[in-house]
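Enquirer: Generate coordinates for the sequence data below:
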Amino acid sequence: METTFQALRDRPCIETIQRNVETAILTPRKRKCMCCIDDVAMGMQDFALVFKEKLNELIAKVNILHISTET
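Expert: Numbers count the residues shown, from 1 in each chain. Modelled structure (predicted):
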């Protein structure tokens, strides 16, 4: 999680979230942790959907504020 937040500070976009989710899903696979693989994959995908929606909402607010201050 911490690496995702740090990455979002540098590049606040959906691709950053997706990249970090993919990394989180691959970690138990690399460790061959059979009890975690499915749970992590499903949980992270669900988390990513919610996180992406919230990020889109925040980005939209910033865009609206930016446009309204320009006029």
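Enquirer: which helices and strands does the worst-scoring helix or strand of the chain on mean pLDDT pack with?
Expert: For the chain, the helix or strand with the lowest mean confidence is helix 37-70, at a mean of 80 (criterion: mean pLDDT, DSSP states H and E). Counting by 3 or more CB pairs under 8 Å, 6 or more residues apart in numbering; DSSP states H and E, the packing neighbours recorded for helix 37-70 are helix 14-31. (Each C-beta comes from the backbone N, C-alpha and C, glycine too.)
Enquirer: tell me, what residue is most central in the chain?
Expert: residue 17 (2.4 Å; CA atoms, centre = their mean).
Enquirer: so that one touches residue 48, yeah?
Expert: Yes - using CB atoms under 8 Å, residue 17 and residue 48 qualify as a contacting pair, with a distance of 5.8 Å.
Enquirer: May I see the buried residues of the least confident helix or strand of the chain?
Expert: Buried residues in helix 37-70, defined by neighbour count with 16 or more other CB atoms under 10 Å: 37, 40, 41, 44, 48, 51, 52, 55.
Enquirer: what's the distance between residue 30 and residue 58?
Expert: Separation of residue 30 from residue 58 (CB to CB, to the nearest Å): 32 Å.
Enquirer: what's the answer for residue 31, then?
Expert: Look at residue 31 and residue 58: by CB to CB, they are 33 Å apart.
Enquirer: do the same with residue 13
Expert: 11 Å.
Enquirer: before we move on, what about residue 27?
Expert: Using CB to CB, residue 27 is found at 27 Å from residue 58.
Enquirer: Tell me, how many residues neighbour the closest residue to residue 37 other than its chain neighbours?
Expert: Taking CB to CB, 6 or more residues apart in numbering as the measure, residue 37 lies nearest to residue 28, with 5.1 Å between them; neighbours along the chain are not counted. For residue 28, the neighbour count with other CB atoms under 10 Å is 17.
Enquirer: Could you list which residues are in contact with the closest residue to residue 27 other than its chain neighbours?
Expert: The shortest distance from residue 27 to any non-neighbouring residue, by CB to CB, 6+ apart, is to residue 40 (7.6 Å). Taking CB atoms under 8 Å, 6 or more residues apart in numbering as the contact definition, residue 40 lies against 24, 25, 27, 28.
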